[in-house]
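A.B. asks: this one's sequence-less:
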DNA sequence: GACTTATATAAGTACTTAATTATATAATGA
DNA sequence: TCATTATATAATTAAGTACTTATATAAGTC
(Lines give C-alpha, C1' and ligand atoms only; values in the text may rest on other atoms or scores of the structure.)
Protein backbone atom coordinates (compact mmCIF):
# COMPACT_ATOMS: atom_id res chain seq x y z
CA UNK A 1 0.00 0.00 0.00
CA UNK A 2 1.42 3.39 -0.97
CA UNK A 3 2.30 5.83 1.74
CA UNK A 4 -0.39 8.27 0.61
CA UNK A 5 -3.11 5.65 0.96
CA UNK A 6 -1.93 4.97 4.50
CA UNK A 7 -2.00 8.65 5.37
CA UNK A 8 -5.46 8.92 3.87
CA UNK A 9 -6.67 6.04 6.01
CA UNK A 10 -5.11 7.51 9.13
CA UNK A 11 -6.70 10.87 8.42
CA UNK A 12 -10.07 9.23 7.79
CA UNK A 13 -9.69 7.36 11.07
CA UNK A 14 -9.24 10.62 12.95
CA UNK A 15 -12.19 12.22 11.17
CA UNK A 16 -14.32 9.23 12.03
CA UNK A 17 -13.48 9.80 15.68
CA UNK A 18 -14.57 13.42 15.29
CA UNK A 19 -17.73 12.23 13.57
CA UNK A 20 -19.54 11.38 16.77
CA UNK A 21 -21.47 14.19 18.51
CA UNK A 22 -20.40 13.13 22.00
CA UNK A 23 -16.72 12.89 21.11
CA UNK A 24 -16.79 16.08 19.07
CA UNK A 25 -18.35 17.93 22.00
CA UNK A 26 -15.82 16.44 24.43
CA UNK A 27 -12.99 17.69 22.23
CA UNK A 28 -14.56 21.13 21.90
CA UNK A 29 -14.85 21.36 25.69
CA UNK A 30 -11.30 20.12 26.27
CA UNK A 31 -10.15 22.78 23.84
CA UNK A 32 -11.38 25.33 26.38
CA UNK A 33 -10.35 23.65 29.63
CA UNK A 34 -9.12 20.31 30.91
CA UNK A 35 -11.82 18.22 32.55
CA UNK A 36 -12.17 15.13 34.65
CA UNK A 37 -14.71 12.49 33.80
CA UNK A 38 -17.25 13.60 36.37
CA UNK A 39 -17.18 17.12 34.94
CA UNK A 40 -17.84 15.85 31.43
CA UNK A 41 -20.65 13.73 32.82
CA UNK A 42 -22.50 16.92 33.74
CA UNK A 43 -22.77 17.83 30.08
CA UNK A 44 -24.11 14.64 28.57
CA UNK A 45 -27.17 12.55 29.24
CA UNK A 46 -25.31 9.29 29.05
CA UNK A 47 -23.62 6.88 31.40
CA UNK A 48 -20.16 7.21 32.95
CA UNK A 49 -18.85 4.11 31.15
CA UNK A 50 -19.99 5.58 27.83
CA UNK A 51 -17.93 8.72 28.47
CA UNK A 52 -14.93 6.68 29.62
CA UNK A 53 -15.10 4.62 26.45
CA UNK A 54 -15.16 7.70 24.25
CA UNK A 55 -12.22 9.13 26.16
CA UNK A 56 -10.30 5.92 25.68
CA UNK A 57 -10.76 6.04 21.93
CA UNK A 58 -9.57 9.62 21.79
CA UNK A 59 -6.60 8.72 23.97
CA UNK A 60 -5.73 5.65 21.90
CA UNK A 61 -5.67 7.93 18.85
CA UNK A 62 -3.27 10.27 20.65
CA UNK A 63 -5.69 13.20 20.49
CA UNK A 64 -5.98 13.61 24.26
CA UNK A 65 -3.95 12.72 27.31
CA UNK A 66 -4.90 11.86 30.86
CA UNK A 67 -3.39 12.79 34.19
CA UNK A 68 -4.52 11.39 37.47
CA UNK A 69 -4.78 13.85 40.36
CA UNK A 70 -5.95 12.10 43.48
CA UNK A 71 -9.23 10.42 42.82
CA UNK A 72 -9.80 12.37 39.62
CA UNK A 73 -8.42 11.74 36.17
CA UNK A 74 -8.08 14.91 34.14
CA UNK A 75 -8.21 14.82 30.38
CA UNK A 76 -6.82 17.45 28.05
CA UNK A 77 -5.94 17.88 24.40
CA UNK A 78 -2.53 16.65 23.29
CA UNK A 79 -0.93 19.42 21.23
CA UNK A 80 1.87 17.02 20.26
CA UNK A 81 -0.59 15.00 18.21
CA UNK A 82 0.16 14.76 14.53
CA UNK A 83 -3.47 15.74 14.03
CA UNK A 84 -3.63 18.67 16.43
CA UNK A 85 -3.82 21.30 13.71
CA UNK A 86 -6.48 19.35 11.81
CA UNK A 87 -8.36 19.11 15.09
CA UNK A 88 -8.10 22.85 15.68
CA UNK A 89 -9.27 23.54 12.15
CA UNK A 90 -12.31 21.35 12.65
CA UNK A 91 -13.08 22.73 16.11
CA UNK A 92 -13.18 26.24 14.67
CA UNK A 93 -16.35 25.12 12.85
CA UNK A 94 -17.99 23.67 15.95
CA UNK A 95 -20.52 25.55 18.13
CA UNK A 96 -19.17 27.48 21.10
CA UNK A 97 -19.03 25.53 24.35
CA UNK A 98 -19.70 28.43 26.72
CA UNK A 99 -23.01 26.96 27.77
CA UNK A 100 -21.52 23.56 28.56
CA UNK A 101 -18.55 25.07 30.39
CA UNK A 102 -21.01 27.03 32.51
CA UNK A 103 -22.92 23.85 33.21
CA UNK A 104 -19.72 22.21 34.46
CA UNK A 105 -18.71 25.15 36.61
CA UNK A 106 -22.15 25.52 38.11
CA UNK A 107 -22.41 21.84 39.00
CA UNK A 108 -18.79 21.92 40.19
CA UNK A 109 -18.76 18.19 40.82
CA UNK A 110 -15.19 17.99 42.17
CA UNK A 111 -16.08 20.17 45.14
CA UNK A 112 -18.44 17.91 47.05
CA UNK A 113 -19.20 19.64 50.32
CA UNK A 114 -16.07 21.49 51.46
CA UNK A 115 -18.24 22.92 54.28
CA UNK B 1 -33.01 20.17 22.05
CA UNK B 2 -31.06 23.41 21.96
CA UNK B 3 -30.05 24.79 18.59
CA UNK B 4 -26.37 24.34 19.41
CA UNK B 5 -26.82 20.63 20.07
CA UNK B 6 -28.51 20.28 16.70
CA UNK B 7 -25.67 22.09 14.95
CA UNK B 8 -23.19 19.89 16.75
CA UNK B 9 -24.99 16.79 15.57
CA UNK B 10 -25.18 18.05 12.02
CA UNK B 11 -21.47 18.88 12.07
CA UNK B 12 -20.64 15.46 13.49
CA UNK B 13 -22.77 13.88 10.78
CA UNK B 14 -20.71 15.61 8.10
CA UNK B 15 -17.44 14.64 9.77
CA UNK B 16 -18.61 11.05 9.98
CA UNK B 17 -19.13 11.13 6.21
CA UNK B 18 -15.57 12.41 5.82
CA UNK B 19 -14.38 9.69 8.17
CA UNK B 20 -14.34 6.98 5.54
CA UNK B 21 -11.21 6.62 3.40
CA UNK B 22 -13.12 6.00 0.17
CA UNK B 23 -15.43 8.98 0.62
CA UNK B 24 -12.61 11.21 1.81
CA UNK B 25 -10.59 10.32 -1.27
CA UNK B 26 -13.59 10.87 -3.56
CA UNK B 27 -14.05 14.34 -2.10
CA UNK B 28 -10.35 15.14 -2.44
CA UNK B 29 -10.48 14.10 -6.10
CA UNK B 30 -13.67 16.05 -6.79
CA UNK B 31 -11.97 19.05 -5.26
CA UNK B 32 -9.54 18.90 -8.18
CA UNK B 33 -11.89 17.96 -11.02
CA UNK B 34 -15.42 16.72 -11.56
CA UNK B 35 -15.63 13.01 -12.29
CA UNK B 36 -18.12 10.48 -13.50
CA UNK B 37 -18.57 7.19 -11.70
CA UNK B 38 -16.50 5.19 -14.14
CA UNK B 39 -13.57 7.58 -13.64
CA UNK B 40 -13.73 7.22 -9.88
CA UNK B 41 -13.91 3.49 -10.35
CA UNK B 42 -10.39 3.58 -11.79
CA UNK B 43 -9.03 4.78 -8.47
CA UNK B 44 -10.54 2.28 -6.06
CA UNK B 45 -10.42 -1.46 -5.82
CA UNK B 46 -14.06 -1.82 -5.04
CA UNK B 47 -17.29 -2.42 -6.95
CA UNK B 48 -19.31 0.12 -8.92
CA UNK B 49 -22.31 -0.14 -6.59
CA UNK B 50 -20.05 0.59 -3.62
CA UNK B 51 -18.90 3.83 -5.27
CA UNK B 52 -22.46 4.76 -6.24
CA UNK B 53 -23.58 4.24 -2.67
CA UNK B 54 -20.83 6.48 -1.30
CA UNK B 55 -21.74 9.14 -3.86
CA UNK B 56 -25.37 8.95 -2.84
CA UNK B 57 -24.53 9.58 0.80
CA UNK B 58 -22.41 12.57 -0.11
CA UNK B 59 -25.19 13.87 -2.35
CA UNK B 60 -27.86 13.33 0.31
CA UNK B 61 -25.73 15.43 2.66
CA UNK B 62 -25.55 18.19 0.06
CA UNK B 63 -21.78 17.99 -0.22
CA UNK B 64 -21.75 17.06 -3.90
CA UNK B 65 -24.07 17.39 -6.86
CA UNK B 66 -24.63 15.28 -9.95
CA UNK B 67 -25.22 16.17 -13.57
CA UNK B 68 -26.03 13.68 -16.23
CA UNK B 69 -24.31 14.16 -19.57
CA UNK B 70 -25.35 11.48 -22.01
CA UNK B 71 -24.62 8.11 -20.54
CA UNK B 72 -22.35 9.54 -17.87
CA UNK B 73 -23.24 11.13 -14.58
CA UNK B 74 -20.70 13.69 -13.46
CA UNK B 75 -20.22 14.48 -9.80
CA UNK B 76 -18.69 17.63 -8.40
CA UNK B 77 -18.44 19.47 -5.10
CA UNK B 78 -21.32 21.73 -4.18
CA UNK B 79 -19.85 25.08 -3.07
CA UNK B 80 -23.32 26.16 -1.88
CA UNK B 81 -23.16 23.59 0.88
CA UNK B 82 -23.34 24.96 4.40
CA UNK B 83 -20.31 22.80 5.08
CA UNK B 84 -18.22 23.72 2.07
CA UNK B 85 -15.68 25.73 4.05
CA UNK B 86 -15.37 23.01 6.69
CA UNK B 87 -14.84 20.57 3.84
CA UNK B 88 -12.13 22.75 2.30
CA UNK B 89 -10.43 23.10 5.67
CA UNK B 90 -10.38 19.33 6.11
CA UNK B 91 -9.26 18.65 2.54
CA UNK B 92 -6.26 20.91 3.05
CA UNK B 93 -5.01 18.23 5.48
CA UNK B 94 -5.54 15.35 3.07
CA UNK B 95 -2.81 13.88 0.82
CA UNK B 96 -2.48 15.30 -2.68
CA UNK B 97 -4.49 13.48 -5.33
CA UNK B 98 -2.11 14.02 -8.26
CA UNK B 99 -1.40 10.32 -8.46
CA UNK B 100 -5.08 9.38 -8.57
CA UNK B 101 -5.92 12.11 -11.07
CA UNK B 102 -3.15 10.76 -13.30
CA UNK B 103 -4.59 7.28 -12.94
CA UNK B 104 -7.97 8.57 -14.13
CA UNK B 105 -6.55 10.49 -17.05
CA UNK B 106 -4.35 7.61 -18.17
CA UNK B 107 -7.20 5.13 -18.07
CA UNK B 108 -9.48 7.72 -19.69
CA UNK B 109 -12.50 5.47 -19.33
CA UNK B 110 -14.98 7.83 -21.04
CA UNK B 111 -13.09 7.62 -24.35
CA UNK B 112 -13.62 3.97 -25.26
CA UNK B 113 -12.11 3.44 -28.69
CA UNK B 114 -12.66 6.62 -30.76
CA UNK B 115 -10.38 5.03 -33.41
C1' DG C 1 -35.78 -3.03 -31.57
C1' DA C 2 -31.71 -5.59 -29.80
C1' DC C 3 -27.15 -5.08 -27.67
C1' DT C 4 -23.88 -2.58 -25.01
C1' DT C 5 -22.23 0.62 -21.62
C1' DA C 6 -23.06 3.53 -17.52
C1' DT C 7 -25.22 4.03 -13.35
C1' DA C 8 -28.64 3.19 -9.57
C1' DT C 9 -31.19 0.42 -6.55
C1' DA C 10 -32.38 -3.71 -3.82
C1' DA C 11 -31.47 -7.41 -0.85
C1' DG C 12 -28.48 -9.87 2.00
C1' DT C 13 -24.59 -10.16 5.14
C1' DA C 14 -20.43 -9.55 7.95
C1' DC C 15 -18.57 -6.26 10.66
C1' DT C 16 -18.37 -2.25 13.55
C1' DT C 17 -20.04 0.81 16.82
C1' DA C 18 -22.07 2.97 20.82
C1' DA C 19 -24.77 2.13 24.20
C1' DT C 20 -26.19 -0.56 28.61
C1' DT C 21 -25.49 -3.16 33.06
C1' DA C 22 -22.42 -5.32 36.09
C1' DT C 23 -18.16 -5.40 38.12
C1' DA C 24 -13.28 -4.25 39.01
C1' DT C 25 -9.72 -0.97 40.41
C1' DA C 26 -8.03 3.10 42.69
C1' DA C 27 -7.94 6.86 45.90
C1' DT C 28 -9.92 9.18 50.08
C1' DG C 29 -11.44 9.60 54.60
C1' DA C 30 -13.91 8.07 58.88
C1' DT D 1 -10.31 -1.55 57.81
C1' DC D 2 -14.60 -0.23 55.90
C1' DA D 3 -17.38 2.91 53.22
C1' DT D 4 -17.54 6.20 49.64
C1' DT D 5 -16.39 8.41 45.41
C1' DA D 6 -14.15 8.31 40.87
C1' DT D 7 -12.97 5.84 37.02
C1' DA D 8 -12.06 1.74 34.01
C1' DT D 9 -13.09 -2.58 32.07
C1' DA D 10 -15.93 -6.54 30.59
C1' DA D 11 -19.83 -8.60 28.58
C1' DT D 12 -23.89 -8.04 26.02
C1' DT D 13 -26.87 -6.08 22.67
C1' DA D 14 -29.17 -3.18 19.27
C1' DA D 15 -28.30 -0.42 15.58
C1' DG D 16 -25.61 1.22 11.91
C1' DT D 17 -22.36 0.62 8.11
C1' DA D 18 -20.01 -0.82 3.97
C1' DC D 19 -19.56 -4.21 1.30
C1' DT D 20 -21.30 -8.03 -2.07
C1' DT D 21 -24.32 -9.99 -5.89
C1' DA D 22 -28.26 -9.48 -8.61
C1' DT D 23 -31.15 -6.65 -11.06
C1' DA D 24 -33.26 -2.35 -12.79
C1' DT D 25 -33.01 1.91 -15.39
C1' DA D 26 -31.15 4.93 -18.81
C1' DA D 27 -28.57 6.31 -22.79
C1' DG D 28 -26.01 5.18 -27.04
C1' DT D 29 -25.12 2.29 -31.10
C1' DC D 30 -25.94 -0.92 -34.69
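C.D. replies: Happy to help now that I have it. What you are looking at is a predicted structure, and each value in this text was computed from that prediction instead of being measured. Residues are numbered from 1 along each chain as shown, chains lettered A, B, ... in the order given.

A.B. asks: quick one, phi/psi of residue A:82?
C.D. replies: phi -60, psi -20 (degrees, to the nearest 10).

A.B. asks: secondary structure class for the closest residue to it other than its chain neighbours?
C.D. replies: In this structure, residue A:82 finds its nearest non-sequential neighbour in residue A:62, 7.2 Å apart by CB to CB, 6 or more residues apart in numbering or on different chains. C-betas here are computed from N, CA, C, even on glycine. Here residue A:62 is coil, with the state taken from DSSP: H, G, I helix; E, B strand; the rest coil.

A.B. asks: Distance check, residue A:62 against residue A:40.
C.D. replies: The gap separating residue A:62 from residue A:40 is 19 Å, by CB to CB, to the nearest Å.

A.B. asks: before we move on, what about residue A:103?
C.D. replies: 10 Å.

A.B. asks: So those two - more neighbours on which side?
C.D. replies: Each of residue A:103 and residue A:40 has its neighbours counted (other CB atoms under 10 Å in any protein chain shown); residue A:40 has more, 24 against 14.

A.B. asks: ok, residue A:17 - contacts?
C.D. replies: By CB atoms under 8 Å, 6 or more residues apart in numbering or on different chains, the contact set of residue A:17 is A:23, A:57, A:58, A:61, A:63, B:19.

A.B. asks: what about the residue nearest to residue A:43 when sequence neighbours are not counted, how many residues close to it?
C.D. replies: The shortest distance from residue A:43 to any non-neighbouring residue, by CB to CB, 6+ apart, is to residue A:100 (4.7 Å). Using other CB under 10 Å, residue A:100 has 24 other residues around it.

A.B. asks: For the helix or strand hosting residue A:100, list every residue counted as buried.
C.D. replies: According to DSSP states H and E, residue A:100 maps onto helix A:98-107. Using 16 or more other CB atoms under 10 Å in any protein chain shown as the test for burial, helix A:98-107 gives A:100, A:101, A:104.

A.B. asks: what does that helix contact?
C.D. replies: Contacts to helix A:98-107, defined as CB under 8 Å, 6+ apart, come from residues A:25, A:29, A:32, A:33, A:35, A:39, A:40, A:42, A:43, B:2, B:4.
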